[in-house]
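**Student:** Sharing a sequence plus its predicted fold:
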Amino acid sequence: MGCNAAPCSLCLPHMSVRRLFQRGEIQKYCLEALRDAGGALSTRELTRHVIARKGLDVEDPVLRKKVVFSVMQSMKTARRRRLVKDAGKRKNVRLWQL
């Protein structure tokens, strides 16, 4: 079964997330979400925001699993650049804040 429309769970297992997002786009969306929230957000919450902001299906588990790794890497890079702080963990999920 081929996919001609927007990305979906049928074609994502073999597709790289890098094709869905431009360079720096994930980090930009994460920082935007943290500014809007005014407090700490978990990696999962940031992932949902990034997927929704891109206009993709937030409930797609395959897509979420692929994007969460990129969100984590983006946030680690932002932490090294001192753009965000590690706010600890909640229910074994990393929290991030500005």
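**Tutor:** Structure received.

**Student:** Can you mark which positions in stretch 29-46 are buried?
**Tutor:** Neighbour counts over stretch 29-46 (16 or more other Cβ atoms under 10 Å) mark 29-31, 33-34, 40-43, 45-46 as buried. Placement of C-beta: from N, CA and C, glycine included.

**Student:** again, but for stretch 53-73
**Tutor:** Here stretch 53-73 shows 54, 56, 60, 63-64, 66-68, 70-72 as buried, counting by 16+ other Cβ under 10 Å.

**Student:** Now do the helices in this structure.
**Tutor:** Under the criterion DSSP state H, the chain contains helices at 25-37, 43-54, 61-80.

**Student:** Tell me what angle the longest one forms with helix 43-54.
**Tutor:** The reference is to helix 61-80. Angle, helix 61-80 to helix 43-54, by axes from the mean of the first three to the mean of the last three Cα atoms, to 10 degrees: 110 degrees.

**Student:** tell me which helix or strand of the chain sits lowest on mean pLDDT?
**Tutor:** Every helix and strand of the chain was ranked by mean pLDDT, DSSP states H and E. The lowest is strand 85-90, at a mean of 86.

**Student:** quick one: Val68 and Glu45 touch, right?
**Tutor:** No - if you go by Cβ atoms under 8 Å, Val68 and Glu45 don't touch, sitting 10.7 Å apart.

**Student:** Dump the buried residues of stretch 29-46 to a markdown table, plus pLDDT and distance to Lys91.
**Tutor:** As requested, those are exported to a markdown table (pLDDT from 0 to 100; distance: Cβ to Cβ, whole Å):
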| residue | pLDDT | distance to Lys91 |
| --- | --- | --- |
| Tyr29 | 93 | 23 |
| Cys30 | 94 | 19 |
| Leu31 | 93 | 23 |
| Ala33 | 93 | 19 |
| Leu34 | 92 | 19 |
| Ala40 | 90 | 13 |
| Leu41 | 91 | 13 |
| Ser42 | 92 | 8 |
| Thr43 | 92 | 11 |
| Glu45 | 92 | 12 |
| Leu46 | 94 | 15 |
